[in-house]
Structure formats: C-alpha cells, structure tokens
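*Asks:* After the sequence you'll find the predicted model.
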Amino acid sequence: MNWLGRLISVILIGLSAQANSEVVIDSDDNSATLTGTWTQAKTDPGFYGNDYATAQGAGTADTARFFSPRAITSTGIWCIQARWTSGTTRTTSAKYQVYDGTTLRNTFTANQQLNGGAWRRLGCVTLTAGKTGEVRLSDTGVSAANIVVADGVRWVWEEGPGNSDFCIAVSGGFGTSGGTTFVGKGFVAPSNGTCKPWSGIMRTASTVVGTSTGAACLSNDGKLFTVTLQTTAPEWFGIGVTATDHIELCPLGATLGCPAHAGQSDRGTNSGPAAQVACTAAVSTIPSSHD
Ligand SMILES: [Ca+2]
Ligand SMILES: [Ca+2]
C-alpha cells in the first residue's frame, strides 16, 4: 500500500473505532504486525483489502498480531471475526488468541480449509475500557505441509453488562399457539467454554409469567449454547411444581455453523424446537398482573 492508501486506511480505522461498535484491522494496516516469515498473496479469491498473508507451518515461528488502533472505549462483550482465504493447503486449526491488554481472554480455532472469503465469527470475550485489544494468530502447531492465512480481523461490540435481555423461543415462542419464550433478564452470553447463571421469566399462553433460574453454558467452539432452567408458575404448572427445561441451540449470529448433532430443541416441560430470537417489548416486559 502506498503512503496515501495507508493514510486513508488509518483515518477510516479511526472513524470506525470512534463509532464504538466495530473495529477492522486489515493484514497490511499499520495496526497489524507480522513477525517471522510471511508472504503477501493475491492468488486465491475472497481476501479483504489488497491481499492476505501466509506463513508456512514449522520452520520459523511466525506471528500476526492485530491491535485495536486505540484503546477499547467500552467495557463489555466484544465478538471477534476473522477472514482468510480457503484452500486445501490451509491448516485445519488456526488459533486466534484474543487479548484484553496483556491478558489472554480466549483462544478460538478455525478450519481455514473452509468458510473463507467472508467475515466469520470466532467467539466473544469481555474486553476492558482503556486497554488495547489484540488478536494474535501464529503458526505454532501447524505442520510443515500447511500454511496459516492472516487476512483481517474485526471486533464487533456486542453489548455492555446488564443492559439487554436474552430471549429463547420454544415452539415458535410466546404469542404463537403452544409457544413459550424464556427471557434471561440482562443476560449476556458467556464466553466460549464458560457458564453463567440465568435468571428471568417465562412467558406462555396469553398471560402466563413464570420465574426461571438456571445455568447457561457455551461450548468451547462457540457453536452450541445449552441452558438448563427451573421455572415456577403456580397457577399454570400447579403449586409446588417446578418445570424443568433443557434447551440446546446455536447462538444467533454464529457463522461457523451448528454442530452436526444439534437439534436446537427444548427437551423438558416445554418440549419442542428452540431458537435464540431478538427480544421484543411484548416478552421482555414484566407485568404486575398475570397468571
Ligand atoms: Ca513457520
Ligand atoms: Ca487483507
């Protein structure tokens, strides 16, 4: 990139960071540091920006570090996306380490033989205001026969702590015949490979509001979200009766696909197909009068 192109890209990065919702670092931006032996290439289609960089496994240790160009301005959940170009020479386990300043928050793995040419969500982490975000990709563990591709990295602001709800529709959700919606009040999905407590409400029929508690876990690869809930609603389920629901679903916005076995279902008191859905006021509101 010539000096003018580099200047323009730096200005664009500054603006996107000021918007506080998204930061994109291209492989040949000033905020990307490639150490070791990397080859710039345009051979395979679908790359972001001018080109992509490749490093051969084994031999020298090669590292691509993508820094947010300015300090993270909002503490909360940021979701990491990456791009590569696909091909049979690629590693099937490219490891992206996500740092909050100097603290490693999580390591996400991508099969670069597949899904190239588009932004792919790797997973989400909590980042801290005032720190520099970093996504580090290296060829550690990659065999000599394979390459790792560094093309671009994107941080997407997901949400701050406690300012939104998480909604799961079962059998079509509240408002459809036989449908139920579970609302995790202020619930922010856990980072990959972790669990969090869930507290919220269950809405079903036309006026039923139950109270739910439970636990929610996200698989290490970010593909499967599992939540186990206990709900009471005496006038609906009966006095002293606790409904149990075991729900598995693939998170909204995940682009790496569901695991093959995932049925996206609730196997419990409210059995049926399940999906994460956008929350509406109709389900998030907690009325003082209900069954
Ligand atoms: Ca190498
Ligand atoms: Ca690129």
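*Replies:* Perfect, thanks for sending it. Ligands and ions are numbered 1, 2, ... in the order given.
*Asks:* just the strands in the stretch 101-250 of the chain please.
*Replies:* For the stretch 101-250 of the chain, the strands defined by DSSP state E, counting those that start in this stretch occupy 103-110, 120-127, 133-138, 147-150, 152-159, 166-170, 180-184, 194-204, 208-218, 225-232, 243-249.
*Asks:* and the ones you listed as a markdown table, adding mean pLDDT?
*Replies:* Listed next are the strands of the stretch 101-250 of the chain as a markdown table, based on pLDDT from 0 to 100:
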| stretch | mean pLDDT |
| --- | --- |
| strand 103-110 | 90 |
| strand 120-127 | 84 |
| strand 133-138 | 94 |
| strand 147-150 | 98 |
| strand 152-159 | 82 |
| strand 166-170 | 93 |
| strand 180-184 | 96 |
| strand 194-204 | 96 |
| strand 208-218 | 96 |
| strand 225-232 | 97 |
| strand 243-249 | 96 |
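*Asks:* of all the ones you listed, which lies closest to ligand 2?
*Replies:* Closest approach to ligand 2 among the strands of the stretch 101-250 of the chain is made by strand 152-159 (4.8 Å; Cβ to the ion). The C-beta positions use only the backbone N, C-alpha and C, and glycine is treated the same way.
*Asks:* Would you mind pulling up the elements that the closest one packs against?
*Replies:* strand 22-26, strand 76-83, strand 133-138 (3 or more Cβ pairs under 8 Å, 6 or more residues apart in numbering; DSSP states H and E).
*Asks:* tally of neighbours for Gln56?
*Replies:* When neighbours are defined as other Cβ atoms under 10 Å, Gln56 has 20 of them.
*Asks:* just use 605 as the starting number from now, easier for me
*Replies:* Taking 605 as the first residue, the last one we looked at is Gln660.
*Asks:* got the contact list for it?
*Replies:* Thr641, Asp666, Asp743, Ala748, Asn750, Ile751 (Cβ atoms under 8 Å, 6 or more residues apart in numbering).
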